[in-house]
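Trainee: Predicted structure and sequence below. I'll ask about it afterward.
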Amino acid sequence: MLHLIFPTKKSDPELAPVRSGLVFGFFNALTWQVGLGTPLVLFAQQLGATPLQVGLATSFVLLLTPIQILSTALLPRYGFKKVMLGGWGTRSLFLVVPIVLAALVPYWGVLGWMAQALVWSVFFFCLCRSVGAAAFNPWIYAIVPERARGRYFANDQFVSSIASVATLLVCAGLFALLPVFNALLVQYAIALTGSTLSFFALKKLPDGPKPVAISVASVVRSTPRHIFAPGIFRTYLWIVVGYCVISTPIPAFVAYYLKAVPKFSLWEIIGFEVVRYFGVFLSASVIRGRIDRVGAKPFLLISLALYVVVGSFWWLFLRSGFGGTPGVIVAYFLLGMGVAGWTIANLGYLPKIVPDGERPLMVSIHGAVTSCLGGCAPIVWGWFLKTPADENGGGGEIDVAVFGWFFVSVIVSALVLSWLVKKLPENTEEKVEPLSIGSAVLRPFRAMSYLVSLIEQPKKGGAAQVDEPENGKTDTEDRADAEGRKR
């Protein structure tokens, strides 16, 4: 079984050289599931963080997308491997802060500075991650042959799915069996271990040739034209921005609310998150076999319809406890289906509306704009949702009335977006290869940031050659030298 998931020279000679990339995906899932997922939100709530602080912590991974863009300038000079290892190695240091906090609280109690320390540790973790993220996808495209990329990304999603769900189940068990901060201590130790092992897996990957980066100056000049010029790209861009604004705040603030107000246990909230992943897996399995035949639009519309249902449920639950625990389970499941449906359909529709010659630039603009503006939403809503922490500083609160208005905005926005999506053109006879982002379905709220890659992709026909030429320089370096002489 393992040789099918982690290929060998015998089972899959094309993927065997990049086996370590799949090992990286497995251990990396342990890290992001804890360090950027629901355990982070619950840790912050236990430290007395306000909704604003939770919004900040969960938004950094999106708001720091500009750092990811600027970091592409490092790739032609240092190469994929050095940039990736530098970012991923440094980020591990900031997982030590939550471990120290979880170890101190049982002895010192919750102190006011602890929530701030946690938020700042997430900021620096995401800052270093953004530098490394600039390298990973183009690195994989450079070293995996084109005909094998589909198998690579399918395997990557599979191993990441196993690791992420297993991590959530372990977190739920730890919350059920141990005192809260002891459980968090173990969880973050798992995250740090995963980050360390993923770093060493990256070290085993072969490097690709140093790439040619798209000029950041040209991006700055071209971005306003693509964002504001009339056309289908502009229309769809702002539809996706609207979707990101209403969808990004939901998982974090719902988890925060369930602990702060109705007082669900921590292991139950983690269990709800597992149910959401089951919705993701079901949606992905249904859509993948049908999207080529019926197109992306129907699934965009179904996703928005599910958001209307989910928003309506939570509005009723906030007012009267409608549905109880079974209703919460169903709402999480439908949310997983909705977000997976939108993510897969978006990755299929976007390539249809951008010309081949400008695809890297336009897709990167799309990813950067939607990530940054979507990342602003949890911060803005966190500001309106915040109330002072309790007298003991042990747990933040949330303004339930304002939270209700948030879900009203989700319902209204989803209906408006549905009307706009219906007007989008789509030729279902046109067959275009969808964008591939590995485990994007597992991390749908961060998937858009992975579209940002200001790197010229290898030409069709295979992966870029990683052997050094006779003169010791790659083609990229030769072109750079020629350009330097010309200047």
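Mentor: That came in fine, so what should we check first?
Trainee: If we go by neighbour counts, what in stretch 313-327 is buried?
Mentor: Neighbour-count burial for stretch 313-327 flags 313-315, 317-318 (criterion: 16 or more other C-beta atoms under 10 Å). Where C-beta positions appear, they are placed from N, C-alpha and C, glycine not excepted.
Trainee: swap in stretch 368-378?
Mentor: Residues 368-378 are the ones in stretch 368-378 that count as buried (16+ other C-beta under 10 Å).
Trainee: State the distance from Val34 to Leu184.
Mentor: Taking C-beta to C-beta, to the nearest Å as the measure, Val34 falls 9 Å from Leu184.
Trainee: ok, back up a step: quick one: which of the buried residues of stretch 368-378 sit in helices?
Mentor: Among the buried residues of stretch 368-378, the members found in helices (DSSP state H) are 368-378.
Trainee: now stretch 270-282, how far from the centre of its chain.
Mentor: Put simply, stretch 270-282 sits 16 Å off its chain's centre (C-alpha atoms, centre = their mean, to the nearest Å).
Trainee: What are the contacting residues of it?
Mentor: Residues lying outside stretch 270-282 but in contact with it, judged by C-beta atoms under 8 Å, 6 or more residues apart in numbering, are 37-39, 42, 161, 164-165, 168-169, 171-172, 175, 251, 255, 258, 328-329, 332-340, 441-442, 444.
Trainee: And it, what's buried?
Mentor: Across stretch 270-282, burial judged by 16+ other C-beta under 10 Å covers 270-277, 279-281.
Trainee: returning to that earlier point: now distance to Leu85 too, for the ones in helices among the buried residues of stretch 368-378, in JSON lines please.
Mentor: Converted to JSON lines, these look like this (distance: C-beta to C-beta, whole Å):
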{"residue": "Ala368", "distance to Leu85": "24"}
{"residue": "Val369", "distance to Leu85": "29"}
{"residue": "Thr370", "distance to Leu85": "28"}
{"residue": "Ser371", "distance to Leu85": "24"}
{"residue": "Cys372", "distance to Leu85": "26"}
{"residue": "Leu373", "distance to Leu85": "31"}
{"residue": "Gly374", "distance to Leu85": "29"}
{"residue": "Gly375", "distance to Leu85": "26"}
{"residue": "Cys376", "distance to Leu85": "31"}
{"residue": "Ala377", "distance to Leu85": "32"}
{"residue": "Pro378", "distance to Leu85": "30"}
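Trainee: Looking at these, which gets the smallest pLDDT?
Mentor: pLDDT is lowest at Ala368 among those; the value there is 84.
Trainee: Pretty sure Glu160 sits in a strand.
Mentor: Wrong residue type there; residue 160 is Ser, not Glu. No - the assignment for Ser160, made by DSSP: H, G, I helix; E, B strand; the rest coil, is helix rather than a strand.
Trainee: ok, it to Tyr277 distance?
Mentor: Counting by C-beta to C-beta, the gap from Ser160 to Tyr277 is 11 Å.
Trainee: now the contacts of stretch 270-282: which count as buried?
Mentor: 37-39, 42, 161, 164-165, 168, 171-172, 175, 251, 255, 258, 328-329, 332-340, 441-442, 444.
Trainee: So which of those belong to helices?
Mentor: Among the buried ones among the contacts of stretch 270-282, the ones falling in helices (DSSP H) are 38-39, 42, 161, 164-165, 168, 171-172, 175, 251, 255, 258, 328-329, 332-340, 444.
Trainee: before we move on, the earlier item: what is the nearest of the buried residues of stretch 368-378 to Trp419?
Mentor: For those, the residue nearest Trp419 by C-beta to C-beta is Thr370; the value is 19.5 Å.
Trainee: surely the closest one meets Tyr236?
Mentor: No - with contact defined as C-beta atoms under 8 Å, Thr370 does not reach Tyr236; the gap is 10.2 Å.
Trainee: if we can go back for a sec, which members of the buried residues of stretch 270-282 are positioned in helices?
Mentor: Among the buried residues of stretch 270-282, the ones falling in helices (DSSP H) are 270-277, 279-281.
Trainee: need those residues in CSV with pLDDT and distance to Lys352, can you?
Mentor: Below are those laid out as CSV (pLDDT from 0 to 100; distance: C-beta to C-beta, whole Å):
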residue, pLDDT, distance to Lys352
Ile270, 97, 38
Gly271, 96, 38
Phe272, 97, 35
Glu273, 95, 33
Val274, 95, 34
Val275, 96, 33
Arg276, 94, 29
Tyr277, 92, 29
Gly279, 93, 26
Val280, 90, 24
Phe281, 89, 26
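Trainee: Kindly indicate which of the residues you listed lies nearest Ala16.
Mentor: Of all those, Phe281 has the smallest distance to Ala16: 27.2 Å, by C-beta to C-beta.
Trainee: roughly how far apart are that closest one and Ile287?
Mentor: Distance of Phe281 to Ile287, computed by C-beta to C-beta: 11 Å.
Trainee: where does the stretch 151-300 of the chain dip in pLDDT?
Mentor: Low-confidence segments of the stretch 151-300 of the chain (pLDDT under 70): 213-216.
Trainee: That one: helices as residue ranges?
Mentor: Secondary structure of the stretch 151-300 of the chain (DSSP state H, counting those that start in this stretch): helices located at 180-203, 216-228, 232-247, 250-260, 266-288, 291-294, 297-320.
Trainee: which residue sits closest to Arg276 in space, ignoring its chain neighbours?
Mentor: Of all residues not flanking Arg276 in the chain, Gly336 sits nearest, at 3.9 Å (C-beta to C-beta, 6 or more residues apart in numbering).
Trainee: Settle this for me: Val310 is touching Ala331, isn't it.
Mentor: Yes - counting by C-beta under 8 Å, Ala331 is a contact partner of Val310 at 5.3 Å.
Trainee: overlap in contacts of these two?
Mentor: With C-beta under 8 Å, 6+ apart as the test, Val310 and Ala331 reach no residue in common.
Trainee: burial of Val180, as a residue count?
Mentor: Residues near Val180, counting by other C-beta atoms under 10 Å, number 17.
Trainee: so what's it up against?
Mentor: 46, 266.
Trainee: so who does Ala189 touch?
Mentor: Contact analysis of Ala189 by C-beta under 8 Å, 6+ apart lists Ile99.
Trainee: And Ala305, how close does it get to Ile69?
Mentor: 34 Å.
Trainee: List just the nearest of the ones in helices among the buried residues of stretch 270-282 to Val212.
Mentor: Closest approach between those and Val212, by C-beta to C-beta: Val280, at 35.7 Å.
Trainee: quick one on the thing from earlier: return every residue with contacts to both of Phe281 and Ile287.
Mentor: Among the neighbours of Phe281, those also in contact with Ile287 (C-beta under 8 Å, 6+ apart) are Ala340.
Trainee: circling back to that earlier point, which of the buried residues of stretch 313-327 lies closest to Ala135?
Mentor: Minimum separation from Ala135 among those (C-beta to C-beta) is found for Trp314, which lies at 38.6 Å.
Trainee: could you say which helix or strand contains the nearest residue to the closest one once chain neighbours are set aside?
Mentor: Here the nearest residue to Trp314 in space, its sequence neighbours aside, is Phe407; by C-beta to C-beta, 6+ apart that works out to 4.8 Å. If you go by DSSP states H and E, Phe407 is part of helix 400-422.
Trainee: Return the set of buried residues in that helix.
Mentor: Those would be 403, 406-407, 410-411, 413-414, 417-418, 421, for helix 400-422 by 16+ other C-beta under 10 Å.
Trainee: I'd say the residue nearest to Trp314 and Leu318 touch.
Mentor: Yes - counting by C-beta under 8 Å, Phe407 touches Leu318, with 7.3 Å between them.
Trainee: re the thing from before, can you pull the contacts of the residue nearest to Trp314?
Mentor: By C-beta under 8 Å, 6+ apart, the contact list for Phe407 reads 311-312, 314-315, 318.
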